[in-house]
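In: Have a look at this prediction, sequence included:
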Amino acid sequence: MNKRLFFLLIGASVVLAAFSHYFLQNEIIRFITASLAIIFLAAWLGKATESVAHYAGNRIGGFLNATFGNAAELIIAFFLVKEGNFDMVKASITGSIIGNVLLVLGLSVLFGGLKFKEQKFNGRLAGYNASLMTLGVVALFIPAVFLGELPLERIQTLSIVIAVILIIAYVLWLIFSLVTHKEFLADTEQEEGEPLWSKGVSIIMLIVATVFVAVVSEWLVHSVEIVSHTLGWSELFVGGFVIAIIGNAAEHSAAVLLAMKNKIGAAVEIAIGSSLQIALFVAPTLVLVSLLFEHPMNIVFSVFELAAIAVGTLIAISISRDGATNWFEGVLLLSVYIIIGTAFYFV
């Protein structure tokens, strides 16, 4: 798409969202315009990180895409925590994890597989990702298991301890994978073509787009609760799928495009890496940040959320462990996502 037209659409969507937020009283229109603006801004984030990946390599590019792509969800979740809407925060965390390992990875594997018969990526990296995903599932299960045996204040303390451990584990994983053992986990895919912008401009684009996402996210949070009640949607469905899909827009676009360029390693890094970042860094960070407000949030998830995360993690591990993908595996991932989404809608 022409660059001028691309930024014209972004500007128009943000202006429309701002007009709706400040001058219209209809919360559904506010929600729709804010969601549309975040999707366009997420596309901007995706383009900027893809340009950065040209200079830094697919692993760093994938990490940056996951990080800045998750910025939208982290910012949305921060305002939800501030409002004390913990159920929707946990639902959005759940939706983000399964959305990345099932929807984003599923679409990438499907469209990449339709163009290339089989796509391969670093199998050793896939093994480490599987172990880290298992750690995330275990960390979320433990507080829920002990909920009936411990008083709430001790559950809160347990949540803080788990949050700190997960953040430390994630930071150590970054050091291991990007510094001390990066040669073992390096991708073999080579960058082709020209980047959209220079390295400096690409970084500036990332920062500016993130600032815009922060502003529009606050508008979205103001309307999302009213919209969910108006339409009769549960907080589980809104947080787990509506907000998660909007927040994942950057990963959706970048991962699918990279897979269709036979860069499935970068696509997997975006999808799986983003889920790991949500489970091991974003969720624990929100628990610690909530301590700044009147009512802190614990890390206890509902049975529905835990089941969805466990099932999504299980099939993602089984598909990605061999370091090779094809289009049918994408169908399997998307099928599980639709099943879980339908269940969340009826809960």
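Out: Right, received. Where do you want to start?
In: Please count neighbours and contacts with C-alpha atoms only from this point.
Out: Noted.
In: Cross-check the contact I'm expecting between residue 34 and residue 17.
Out: Yes - with contact defined as CA atoms under 8 Å, residue 34 reaches residue 17; the gap is 5.0 Å.
In: When those two are compared, which one has more neighbours?
Out: residue 34 (30 against 25; other CA atoms under 10 Å).
In: I'd like to know how far the more buried one sits from residue 215.
Out: Distance, residue 34 to residue 215, by CA to CA, to the nearest Å: 10 Å.
In: now swap in residue 22 and tell me
Out: 13 Å.
In: Could you do residue 255 as well?
Out: 25 Å.
In: Same question for residue 275.
Out: 24 Å.
In: on that earlier part again, neighbour count: residue 22 and residue 215, which is higher?
Out: residue 215 (17 against 10).
In: Which positions in the helix or strand containing that one come out as buried?
Out: Per DSSP states H and E, residue 215 falls inside helix 199-231. Neighbour-count burial for helix 199-231, with 16 or more other CA atoms under 10 Å as criterion, is recorded at 199, 202-203, 205-206, 209-225, 227-228.
In: Which strands and helices lie in contact with it?
Out: helix 3-23, helix 27-56, helix 58-82 (3 or more CA pairs under 8 Å, 6 or more residues apart in numbering; DSSP states H and E).
In: Quickly, which of these bottoms out on average pLDDT?
Out: Lowest mean pLDDT within the helices and strands packed on helix 199-231: helix 58-82, at a mean of 75.
In: The next helix or strand after that one versus helix 58-82: what angle between them?
Out: Next along the chain after helix 58-82, taking DSSP H and E as the criterion, comes helix 86-98. Here the directions of helix 86-98 and helix 58-82 differ by 170 degrees (axes from the mean of the first three to the mean of the last three CA atoms, to 10 degrees).
In: For helix 86-98, which helices and strands make contact with it?
Out: Looks like helix 86-98 contacts helix 58-82, helix 235-237, helix 243-247, helix 264-277, helix 303-320 (3+ CA pairs under 8 Å, 6+ apart).
In: Now do that helix, average pLDDT.
Out: Rounded to a whole number, the mean pLDDT of helix 86-98 is 86.
In: Then stretch 277-296?
Out: 90.
In: can you pull the contacts of the closest residue in space to residue 260 that isn't next to it in sequence?
Out: For residue 260, ignoring the flanking residues on the chain, the nearest one in space by CA to CA, 6 or more residues apart in numbering is residue 112 at 4.5 Å. By CA atoms under 8 Å, 6 or more residues apart in numbering, the contact list for residue 112 reads 119, 256, 259-262, 264, 326-327.
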